[in-house]
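**Student:** turn this into a model:
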Amino acid sequence: MRRLAARGLMAVALLAALCLAAFLFWRHYWFFRDPQRTPPAEIGLVSPADGTVVYVKDVAPGADVVSIKQGLSATVKDITREDSSQRKIVIGIFMSPFDVHYNRAPLSGKVAFVRRHPAIGSNVSMTAMHWRSMLGIEPRYSGSTHIVQNERAVTRIEAEYRGGELPLYVVQIGALTVNGIDSYFAPGTNVERGATFGMIRVGSQVDLVVPWREGFEVRVKPGDRVTAGESILLR
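**Tutor:** You can find the predicted model right below:
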């Protein structure tokens with residue numbers, strides 16, 4: 001009887017050790033992987049993040065991007081923390097803890113600014129979006145108050161596209177357990193399409209906000225899996 005109990009304890013200890021080792025491997029190695037990516041030869045705005053598309057919206061000036069829950073909606077201003085008087089395309093990408101968390105530039109251009117905005121109140125969990133994305137339940141943004149509440153870094157890139165100016169925003173939104181939002185390019189420096197420009201440490205969402213241009217073709221829809229620097233979101 002004692003021998004069986006000892007074997008049971010050893011099995012539990014071994015399982016706990018394996019779980020701890022797996023967690024440490026993920027947290028200190030796997031999470032920080034930054035695989036090489038090659039932007040496609042086809043023109044178009046590439047994804048700034050790995051993950052699942054949670055919304056794709058064509059937003060008129062002053063209109064809501066999404067309705068999060070009764071009495072709470074998100075506008076472009078809520079997401080970028082800036083007023084917007086132009087029609088915009090807004091694409092939200094949810095990054096699970098197992099996705100690559102380095103972010104890449106959708107187009108080549110000059111970084112106009114990187115603005116950091118603290119949480120309104122405190123950061124909240126992205127659990128609702130995580131589970132809805134895992135289970136494929138639409139709308140994936142339902143109940144996700146982090147879209148308007150959590151801390152974020154807003155990077156504006158002055159890009160050119162099809163011979164015209166195209167100023168775009170990449171919004172890195174932290175999760176409840178966020179441990180830093182990094183930006184590697186200072187204002188005034190140039191960044192190449194598909195280049196790694198920053199990362200979010202643990203749990204996050206990245207939004208791409210682009211002024212509408214005649215002839216734009218949106219290439220993704222909610223539920224699509226996208227790869228940073230390679231998947232074309234818009235062309």
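
**Student:** who are the contact partners of residue 227?
**Tutor:** Going by Cβ atoms under 8 Å, 6 or more residues apart in numbering, residue 227 touches 37, 47, 50. Placement of C-beta: from N, CA and C, glycine included.

**Student:** list the contacts of the first one.
**Tutor:** Spelled out, that is residue 37. With contact taken as Cβ under 8 Å, 6+ apart, residue 37 is in contact with 104, 194, 227, 228, 229, 230.

**Student:** in which helix or strand does the fifth one reside?
**Tutor:** Element membership for residue 229 (DSSP states H and E) is empty, with no helix or strand holding it.

**Student:** tell me who's in contact with it.
**Tutor:** Contacts of residue 229 (Cβ under 8 Å, 6+ apart): 37, 38, 39, 46, 47, 104, 194, 195, 196.

**Student:** torsion angles phi and psi at the third one?
**Tutor:** Comment: the main-chain dihedrals of residue 39 come out as phi -60, psi 140, following degrees, to the nearest 10.

**Student:** how about it, nearest residue that isn't a chain neighbour?
**Tutor:** residue 194 (3.5 Å; Cβ to Cβ, 6 or more residues apart in numbering).

**Student:** how much space between the one you found and residue 44?
**Tutor:** Noted for residue 194: a distance of 11 Å to residue 44, by Cβ to Cβ, to the nearest Å.

**Student:** compare those two (neighbour count), which wins?
**Tutor:** residue 194 (21 against 18; other Cβ atoms under 10 Å).

**Student:** which SS state does the more buried one fall under?
**Tutor:** Classification of residue 194 using DSSP: H, G, I helix; E, B strand; the rest coil returns coil.

**Student:** tell me which residues touch it, please.
**Tutor:** Neighbouring residues of residue 194 by Cβ under 8 Å, 6+ apart: 37, 38, 39, 46, 104, 105, 229, 230.

**Student:** of those residues, buried ones?
**Tutor:** Neighbour-count burial (16 or more other Cβ atoms under 10 Å) applied to those gives 37, 39, 46, 104, 105, 229.

**Student:** so which strand or helix has the residue positioned nearest the centre of the chain?
**Tutor:** The centre of the chain sits closest to residue 206, judged by Cα atoms, centre = their mean, with a distance of 2.2 Å. Of the helices and strands defined by DSSP H and E, residue 206 is found in strand 204-211.

**Student:** tell me the strands beside that strand, with direction?
**Tutor:** If you go by DSSP bridges, strand 204-211 pairs up with strand 88-95 (antiparallel), strand 164-174 (antiparallel).

**Student:** from the chain's centre, how far out does the worst-scoring helix or strand of the chain on mean pLDDT sit?
**Tutor:** The helix or strand of the chain with the poorest confidence is helix 2-28; it has a mean of 81 (mean pLDDT, DSSP states H and E). In this view, helix 2-28 has its centroid 34 Å away from the chain centroid, taken as Cα atoms, centre = their mean, to the nearest Å.
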